[in-house]
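In: how does the following fold in three dimensions:
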Amino acid sequence: MSHKRILLVDDEDIILDTYSSLLSEKGYTVVTANSGRSALEEFLNKPFDLVITDLSMMDGDGLSLLEKIRKRSPDTPTIVLTGKRYRIVSEFVSLLGVNALIEKPCSNEIFLACVRNSLGQSED
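Out: Have a look, this model is predicted:
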């Protein structure tokens with residue numbers, strides 16, 4: 001079992017349910033948040049080994065969340081989920097030190113590979 005704590009942020013319940021279940025099945029401890037504000041509260045209360053966030057949410061965007069996380073904990077790995085992958089988005093998130101940019105939807109295998117890679121883990 002991994003015992004790594006992952007914060008999963010998205011304003012779509014289906015994404016939270018799907019990826020949370022997938023990660024839990026692989027032994028990760030997953031905390032979900034459906035807004036940037038609630039995600040930041042979770043992040044400030046207890047450390048996480050990885051943050052996975054949607055880029056565009058109803059209460060703001062994942063970029064501002066990433067900026068706040070990066071200021072607070074620059075070494076925390078991050079993965080960005082996005083419905084549309086634009087070159088400018090790729091360039092901006094790379095400036096924030098994001099470990100992976102995943103276009104939704106993606107296969108479970110790709111998602112888990114990005115998680116393992118971001119956490120420095122080998123395939124189980």
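In: now stretch 103-123: buried residues?
Out: Within stretch 103-123, the residues scored as buried using 16 or more other Cβ atoms under 10 Å are 104, 111, 112, 114, 115, 116, 118, 119. All C-beta atoms are positioned from the backbone trio N, CA, C, and that covers glycine.
In: and of those residues, the nearest to residue 52?
Out: Closest approach to residue 52 among the buried residues of stretch 103-123 (Cβ to Cβ): residue 115, at 7.4 Å.
In: tell me the pLDDT of the residue nearest to the spatial centre of the chain.
Out: For the chain, residue 52 is the residue whose C-alpha lies nearest the centre (Cα atoms, centre = their mean; 0.4 Å). Reported pLDDT at residue 52 in the predicted model: 97.
In: run through who's touching stretch 106-113.
Out: With Cβ atoms under 8 Å, 6 or more residues apart in numbering as the test, stretch 106-113 has contacts from 19, 22, 26, 102, 123.
In: in the protein, which spans are helices?
Out: Secondary structure of the chain (DSSP state H): helices at 13-25, 36-45, 62-72, 87-95, 108-118.
In: any low-confidence regions in the protein?
Out: Residues of the chain meeting the criterion pLDDT under 70: 1-2, 85-89, 92-93, 124.
In: how about a cut-off of 80?
Out: Within the chain, the ranges that satisfy pLDDT under 80 run 1-2, 58-61, 83-96, 122-124.
In: right, I'll leave it there.
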